[in-house]
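Q: need a structure here:
(chains A and B)
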Amino acid sequence: MRVSHNSLIDQILHTLGQVRDRLVTHQQRLASGRTVNRPSDDPGAAITSMRLQSALRDVARYQANVEDAQRWMEVTEGALASAVEVLQRARELAVAAASDTIPQESREALAAEVVQLVDHLVEIGNTSYAGRYIFAGHRTKTRPFVAGADPLDPVTYQGDSGEIRREIGAGITLGINVVGDTVLGGAIAAVQQLAADMYNGDTEAISEVRLAELDQCIDQLLGCRAELGAKGQRLEFVALRLQEVAYTFQRLLSDTLDIDVAEEAVHLRAMESAYLVALSAAGRIIQPSLIHFLR
Amino acid sequence: MRSIFFGLEIARRALDAYRQALEVTGHNIANAGRKEYSRQEVRLQATPPVEILSPLGNGETQFMGTGVAVASVERLRSAFIDAQMRHESSRLAAWEAAGDVLAQVEVIINEPSEAGLRSVLDGFWSAWQDLANNPESIAVREALRQQADTLCTAFAHYHQQLWALRRDVDANLRALVSEINLHAQQIAALNARITSGEAAGGTANDLRDERDFLLDRLARLVDVQVREGEDGAVRVYVGGVSLVDGEEWSTLEVAHSEDDPQVQLRWVDIGQPVMLPEGQIRALVEMRDEFLPEMLSDLDQLASALCNRVNELHREGYGADGLSGRDFFVPGGTAANLQLSGEVRADPMHIAASLTGEIGDGANALRIAGVRMEDLVGGTVDDFFRSLVARTGIRAQEARRMQDNQKLLVRQLESRRQSISGVSLDEEVANLIRYEHSYAAAARLMTVLDEMLDILINRLGMTGR
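A: Take a look at the predicted model:
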């Protein structure tokens, strides 16, 4: 085939251009650290990476939700533990007061302590976490337990029975709150009744009814704590799984998008030398023509 | 019997022929750097011999040579390769034009990245989850409002950019159509010069080069059909209608306005629409009329599905003030005009996080966050957007691959064309030497004849002097 002046130059420019193109590709990859810089680089990988990025975001969300649920439930758990202690103290006082051998003045002194315990229980019922009353159902901004003018007036519950849920997986939600009225309402009333009976010196009612009532309340609280504990364990398990999932997604994303730096660097180096070789070859080919050898 | 002076004539003819041959070689060398130039070659021919009666008296005749003359200056060019070249380069130009637009769409989409619509959507859903966790918090509500605003802006941005790109494509189309008209006019003018120039015989090589160059340029815009007539003029057809016929040319006009849904190109004379063959223009029309509007309508579909569904759920929920029935977005939003409703804009406490009306209830926010998992548009919102990105990616990838293939093909044709038409300096320099030597030899012939005449004139008839 005849090789003309122009096609020679064209050929050289084309080869140089090709090598330069590849140089730029490797350079871009090294600079961005990614193999896919636009969808057309690899549509499949681009889509996979988008899906993984969204999934990672979801997982991070669930992780945050789980942590939030855990903290909420820890606070609840702590409050319920104090409530149990209060009820146990009330029970001790009830046992002491139930005895016919102590004088009524001592019983009334004990009753004064029981009244304090009522206040304490109301305080526990009004526990807040991050500015929210945790026992108020959905009415998190309303103080759920309000005492009357007299310590023995019935305490009103102003919350509702709303359930607060956190999403801990795609479409999976977990109720995290305990409704104050159910777990503490009875206990407060029982302790108030105990104080009243003690003031009235009704030892029979104390030993026959109040003690059993207190035991029932303590049982209920312990049951509630057990339930919280079970949920806490479940959350811990979910948190671990989410961590694993996040790690797996991260790795997949890295497999899809990230470059092998060593490999790219070697390619870049190889392309650089190829470019130099092409340049020097071009330099040799372009220079001479027959003119240089005549006369 | 021939005269001795006839030898001088032979030498003169040779000098003349080789001088011309040297001039053509010079012309080749001078144009060696021009790609569109076709190498010219001198065809030397022996001048007709004279028949003389043999002096032997046997009645036979002899043919005596009379020298050389330039028969023609030929242009080395393959019409076959030209036709192939035009066809393939129009396909190359088409893929290049489509690839160029698609590359810009890819830049607009900006995926995969942490700054694209996907990331903004993720942030939007996450903000609803945040609200579900903290329905009492003004800060969280404010953050959701910001995030939703970002989403609206992102949709509007995509819409604007794609729309602007469509307008750019339209402007480009108009420029290319006027380029066609200009080329048609120039080709018609060259037709006239070539026809009149060649009427007296010979070929107008350099004018033909210029015309071929224009035809190549024209073919990139539209795949034209070219027929050369007896008189050397070409007829150029676009989609079966003649664009150039000898000295006559037709004009194309753009009959649509910038934002019309369909491009309309018409023949001015006959008022008929142009049937566009392959080439840059048709590729741009496809991008402008099909691909970009499809993208835009997909974005609209996405935005309005999102708008309707979020509003539907939002109306069922209660704001922190215990009121329900409010929209989150202005109803009927599309990509171009998705925006927050006046109520939500006025006060973030109006965002309906609650299903019961109690402030601590985030159930509705959680439901709205769950919209991301719903089959809203024949798949989830994320799926839909991903498929849009995938479509663009696959088309851009195809365009790039086809461009590479087509470039290879055009390059091969170009190098075949160059192997026929291209100037090789080595060859020309060799010719230079060849013709120079011939010229020198002819000059020497003349010297010899001169000496012969000198002998005849100056030295004969000296007897007795």
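
Q: contacts, neighbours, all on C-alpha from now
A: Fine.

Q: ok, B:Asn431 - contacts?
A: B:Asn431 sits next to B:22, B:25 when contact means C-alpha atoms under 8 Å, 6 or more residues apart in numbering or on different chains.

Q: list phi and psi for it.
A: Phi and psi for B:Asn431, reported as degrees, to the nearest 10, are phi -60, psi -40.

Q: now do it against A:Leu184, distance only.
A: Remark: distance between B:Asn431 and A:Leu184 (C-alpha to C-alpha, to the nearest Å) = 113 Å.

Q: same question for B:Ala115.
A: As judged by C-alpha to C-alpha, B:Ala115 and A:Leu184 stand 50 Å apart.

Q: what of B:Ser72?
A: When distance is defined by C-alpha to C-alpha, B:Ser72 is 116 Å away from A:Leu184.

Q: the two: who's more crowded?
A: Taking neighbours as other C-alpha atoms under 10 Å in any protein chain shown, B:Ser72 and A:Leu184 compare with A:Leu184 leading, 24 against 15.

Q: contacts only, for the nearest residue to that one once chain neighbours are set aside.
A: Here the nearest residue to A:Leu184 in space, its sequence neighbours aside, is A:Gly125; by C-alpha to C-alpha, 6 or more residues apart in numbering or on different chains that works out to 6.7 Å. Residues near A:Gly125 by C-alpha under 8 Å, 6+ apart: A:79, A:135, A:144-145, A:180, A:184.

Q: how is chain B divided into domains?
A: Using automatic domain parsing, the domain ranges for chain B come out as B:4-76+B:422-459, B:105-411.

Q: can you add distance to A:Leu16 and give these back as TSV?
A: Formatted as TSV, those follow (distance: least, C-alpha to C-alpha, whole Å):
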stretch	distance to A:Leu16
domain B:4-76+B:422-459	19
domain B:105-411	15
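
Q: can you give me the strands for the chain?
A: Because you didn't say which chain, this covers chain A. Assigned strands in chain A, in chain order: A:128-129, A:132-133, A:145-146, A:156-157, A:165-169, A:172-175 (criterion: DSSP state E).

Q: oops, I was thinking of chain B
A: For chain B, the strands defined by DSSP E cover B:40-46, B:50-53, B:61-64, B:68-75, B:225-228, B:234-238, B:241-245, B:248-249, B:252-254, B:265-267.

Q: chain A: which of the ones you listed is closest?
A: Each of those was scored for nearness to chain A using C-alpha to the nearest C-alpha, and the closest is strand B:40-46 (13.2 Å).

Q: which residues in chain B form helices?
A: Assigned by DSSP state H, chain B shows helices spanning B:5-30, B:79-109, B:117-133, B:138-198, B:205-221, B:280-286, B:292-316, B:342-346, B:363-369, B:381-421, B:425-454.

Q: export stretch B:99-115 to CSV, keeping only CA atoms.
A: Only the C-alpha atoms of stretch B:99-115 are listed here, as CSV (Å, rounded to 0.1, in the frame of the first residue of the first chain):
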residue,chain,number,x,y,z
GLY,B,99,-22.5,10.9,22.2
ASP,B,100,-21.8,14.5,22.8
VAL,B,101,-25.4,15.2,24.0
LEU,B,102,-25.4,12.0,26.1
ALA,B,103,-22.1,12.9,27.7
GLN,B,104,-23.7,16.3,28.7
VAL,B,105,-26.7,14.5,30.1
GLU,B,106,-24.4,12.3,32.1
VAL,B,107,-22.7,15.4,33.6
ILE,B,108,-26.2,16.8,34.5
ILE,B,109,-27.3,13.6,36.1
ASN,B,110,-24.0,13.5,38.1
GLU,B,111,-24.3,9.9,39.2
PRO,B,112,-22.9,7.9,40.8
SER,B,113,-21.9,10.5,43.3
GLU,B,114,-22.8,12.0,46.7
ALA,B,115,-24.2,15.1,45.1
